[in-house]
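Asks: Predicted model, plus sequence, below.
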Amino acid sequence: MKYLVWLIGILAALVAIVYVIVFTPFGNGLLGPLVESKIQEQTKLQSKLKTFRLSMSEIDILIELNTNNSVTVKGNYSLLSKDLDVVYAVKLEKLDTLKSLIGTELNGALHVDGTIKGALSLMQVDGQSDLAGSNTKFEASIKNFNPATVKATIDNLSFKNLFHMLNQPHYTDGVFSLNADITDASSGSLKGKVVTSIKKGLLNSKYITKLAEFKSPMPRTTFNSITTTTLNGNILDTKVDLNSNIADLDIKSAKFNIQESSINSDYKVKISNLDKLFFVTGQHMKGAITVNGELFKTKDLDLTIHTKLAGGNIYAVLHNDDFHAEFKSVETIGLLHMLIYPELFKSNLDGKLDYNFASAKGDFVGQVIDGNFAKNKTFNLVKQYTKFDMYRESFNGYVGANINKENILATIDLYSTQASIKTKDTKLNTKTQKIDSDITIQAKKNTITANIKGDINSPKVKVDLEKLIKSEVGKKVKEEINKFFKKLF
């Protein structure tokens, strides 16, 4: 949309150039003062206004802006009927030399030529241009010096050339095309359609990584898109179909209100490989996801999000920087798999997340339902020393987390009919992938404490059996150990 605004602005500028050149000699525009100065101080203007001839039936104007840029207008004009039939040509060979005149730094060259026909009250302007290496053509009817209708086509415009010409950073490469048919260009009464396409799009990943301050490099990103915009009064209604190697975006209707500067849009995003988002999330992930919802933007930004994840449903809302999400029946084993964490626990999870993107802080509160543990060394030791099988237990309980940027402080309180598992203030760093957790496991009347520390994918587990040894079961274990050593000697 940003590129489309630029291009329409450039087309409008081309029409405006013609308007200034041809129409203002009869009013109070650019050439009026030039002509007056020509009469009063002819020698001072010879380097700019080379030729100015206006008779009852003929126009011949040549303006040399400098040695590299010129504007010419030739044709017929009737002072009585005020009818025009002229040919114009704008030759700007070095746009950078115009900075002192237009106040904006441009690069490269630009050529525009065409015809103007009709009365001053209703004129037809057409032209063609090599704008940014493209084949650009346009037709416009101007009624009482205001645009009435516009038709324009742009074929094979190069973004690289466009950004160079506009002296803008090189955001992307690609080939842009446009087809516009605006049957009513009046302000507040717009009617028409604009279709644009981008082919062979390639984002400047290095520049965008620096601009957005991503901590990891943005991967090579290619894309193609087609947008169709219907103009109706003050409303621009746009349909978008964008496909890239990172995500696909579909918008059925994005309504932009020109008068209110507001937008109301649906959206659907498909991401086939979540790990390609690492440059944004800082978290390696597996799998795919589809997200849909609506976006509203006036003074505030409001976004709704719906998605299915790990067998469950997530509904979320974003209000400016404040994010609220609700999880329903999400399977923890699937969530752990997606996050590439050890798949130790299988359950259903209901929860709520409140997070502020500006401060990168938030809180999560959840309820675990019917949870079972996968095989692990700690529970194997519990089974070995207590003859109690933790794997057969079904756990319910509470999980919570405080988020402060990449640092997470977690609490778990799970229980079954004969066992419990508790940990408080478990430290997890999503950036370094490190964990430090003290866990207390109650198996019937036996207590085992453990510390899990190090890389989350292969942490070191230290089990403390001191309390267990002091119990009745522990005494029997100790006796068995003594018998074992006595037999050795």
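Replies: Thanks, I have the structure now. All values derive from a computational prediction rather than experimental measurement.
Asks: going forward, measure contacts between C-alpha atoms and count neighbours the same way
Replies: Noted.
Asks: Relative to the helix or strand containing Thr51, what are the paired strands and their orientations?
Replies: Using DSSP states H and E, Thr51 sits in strand 49-54. Applying DSSP bridges, strand 49-54 is found paired with strand 59-66 (antiparallel).
Asks: Could you list the residues in contact with the following helix or strand past the strand it pairs with?
Replies: Heading C-terminal from strand 59-66, the first helix or strand you meet, by DSSP H and E, is strand 69-77. For strand 69-77, contacts defined as C-alpha atoms under 8 Å, 6 or more residues apart in numbering pick out 21-22, 55-65, 83-95.
Asks: Please identify which helix or strand holds Lys239.
Replies: Here Lys239 is assigned to strand 235-244, by DSSP H and E.
Asks: residues in contact with that strand?
Replies: With C-alpha under 8 Å, 6+ apart, strand 235-244 has contacts from 221-231, 248-258.
Asks: And that strand, what's buried?
Replies: 235-243 (16 or more other C-alpha atoms under 10 Å).
Asks: Ok, stretch 416-434 next?
Replies: For stretch 416-434, using 16+ other C-alpha under 10 Å, the buried residues are 416, 419-430, 434.
Asks: Quick one: those as CSV, columns for pLDDT too.
Replies: Below are the buried residues of stretch 416-434 laid out as CSV (pLDDT from 0 to 100):
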residue, pLDDT
Ser416, 95
Ala419, 93
Ser420, 93
Ile421, 90
Lys422, 93
Thr423, 91
Lys424, 89
Asp425, 89
Thr426, 92
Lys427, 93
Leu428, 91
Asn429, 91
Thr430, 84
Lys434, 91
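Asks: I'd like to know which of those is nearest to Leu277.
Replies: Each of the buried residues of stretch 416-434 was scored against Leu277 by C-alpha to C-alpha, and Thr430 proved nearest at 14.8 Å.
Asks: now that closest one, nearest residue through space, not along the chain?
Replies: Glu406 (5.2 Å; C-alpha to C-alpha, 6 or more residues apart in numbering).
Asks: and if you look at Ser78?
Replies: Ser78 sits nearest to Ser57 (C-alpha to C-alpha, 6+ apart), 5.1 Å away.
Asks: so where is this protein shaky, pLDDT-wise?
Replies: Along the chain, the parts satisfying pLDDT under 70 run over 1-48, 56, 465-489.
Asks: Where do the helices of it begin and end?
Replies: 2-23, 31-40, 42-45, 99-102, 159-165, 205-212, 278-281, 332-338, 377-386, 466-470, 472-488 (DSSP state H).
Asks: can you list contacts of stretch 166-179?
Replies: 105-107, 151-160, 163-164, 194-204, 207-208.
Asks: In strands, which of these fall?
Replies: In strands, defined here by DSSP state E, the members of the contacts of stretch 166-179 are 151-158, 194-203.
Asks: Select only the buried ones of those in PyMOL?
Replies: To isolate in PyMOL the members of the ones in strands among the contacts of stretch 166-179 that are buried, counting by 16+ other C-alpha under 10 Å, one can use:
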select buried, resi 151+152+153+154+155+156+157+158+194+195+196+197+198+199+201+202+203
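Asks: How much space separates Gly400 from Lys361?
Replies: 14 Å (C-alpha to C-alpha, to the nearest Å).
Asks: And stretch 240-252, end to end?
Replies: Chord length of stretch 240-252, first to last residue, is 7 Å (C-alpha to C-alpha).
Asks: Could you identify the buried members of the contacts of strand 235-244?
Replies: 221-231, 248-251, 253-257.
Asks: Can you report how many residues neighbour Lys210?
Replies: 13 (other C-alpha atoms under 10 Å).
Asks: Please list all residues in contact with it.
Replies: Per C-alpha under 8 Å, 6+ apart, neighbours of Lys210: none.
Asks: Asn376 now?
Replies: Here Asn376 is in contact with Leu344 (C-alpha under 8 Å, 6+ apart).
Asks: okay but Asp413 is in contact with Tyr398, surely?
Replies: Yes. Using C-alpha atoms under 8 Å, Asp413 makes contact with Tyr398 at a distance of 5.2 Å.
Asks: Give me the residues contacting stretch 343-360.
Replies: 321-333, 336-337, 361-376, 403-405.
Asks: Drop anything exposed from those.
Replies: 322-333, 336-337, 361-369, 371-373, 403.
Asks: For beta bridges, what are the partners of the closest residue in space to Thr230 that isn't next to it in sequence?
Replies: Residue nearest to Thr230 in three dimensions, not counting chain neighbours: Lys193, with 4.5 Å by C-alpha to C-alpha, 6+ apart. Under DSSP bridges, the beta-bridge partners of Lys193 are Asp181, Thr230.
Asks: ok, now how distant is Lys193 from Leu178?
Replies: 11 Å.
Asks: ok, those two, which is more surrounded?
Replies: Higher neighbour count among Lys193 and Leu178: Leu178, with 22 against 19, using other C-alpha under 10 Å.
Asks: Skip the chain neighbours and tell me the closest residue to the more buried one.
Replies: Nearest-residue entry for Leu178: Thr196, 4.4 Å, with adjacent residues in sequence omitted and distances by C-alpha to C-alpha, 6+ apart.
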